[in-house]
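Q: Have a look at this fold, sequence not included:
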């Protein structure tokens, strides 16, 4: 949440978080979205096989202590690195840039973005 001033705004944020994390909202929202609930311990029986497997895998990695942050969710790599990587991957797949040249450009662009 954003850092807001005022008890009424802070209370509003807490209420919104409570409502969004409620099991009924998590189920409805994620069934429509095609994703798995952010809330752990949800009944997954209404979800498709892919979502059920994803949830099972997520819970297994949490239990094993092997869960790692996601680049896709901006949790493991700064935006400037993601941008540099995306630029090279896009260029590679949309031009005649060879794989060898793309790998070198990829490494150079990430190093420059650091």
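A: Now that the structure is in, tell me what you want to look at. Bear in mind the structure is a predicted one, so any value in this text is a computation, not a measurement.

Q: Which of the three states applies to the residue nearest the centre of the chain?
A: Closest to where the C-alpha atoms of the chain average out (C-alpha atoms, centre = their mean) is residue 73, at 3.0 Å. Using DSSP: H, G, I helix; E, B strand; the rest coil, the three-state assignment for residue 73 comes out as coil.

Q: ok now do it, which residues does it touch?
A: Neighbour list for residue 73: empty [criterion: C-beta atoms under 8 Å, 6 or more residues apart in numbering]. Bear in mind the C-beta positions are built from the backbone N, C-alpha and C, glycine included.

Q: now the nearest residue to residue 76 once chain neighbours are set aside: how far from residue 43?
A: In this structure, residue 76 finds its nearest non-sequential neighbour in residue 69, 3.8 Å apart by C-beta to C-beta, 6 or more residues apart in numbering. Residue 69 sits 27 Å away from residue 43 when distances are taken as C-beta to C-beta, to the nearest Å.

Q: Next: residue 110.
A: Distance from residue 110 to residue 43, by C-beta to C-beta: 42 Å.

Q: okay, the two: which has more neighbours?
A: residue 110 (16 against 9; other C-beta atoms under 10 Å).

Q: What strand or helix carries that one?
A: Element membership for residue 110, per DSSP states H and E: helix 99-113.

Q: Might you list the low-confidence residue ranges for the protein?
A: Counting by pLDDT under 70, the chain contains low-confidence ranges at 1.

Q: That one: strands as residue ranges?
A: With DSSP state E, there are no strands along the chain.

Q: what sits against residue 106?
A: Residue 106 makes contact with 85, 88, 89, according to C-beta under 8 Å, 6+ apart.

Q: 10 Å instead?
A: 84, 85, 87, 88, 89, 91, 92 (C-beta atoms under 10 Å, 6 or more residues apart in numbering).
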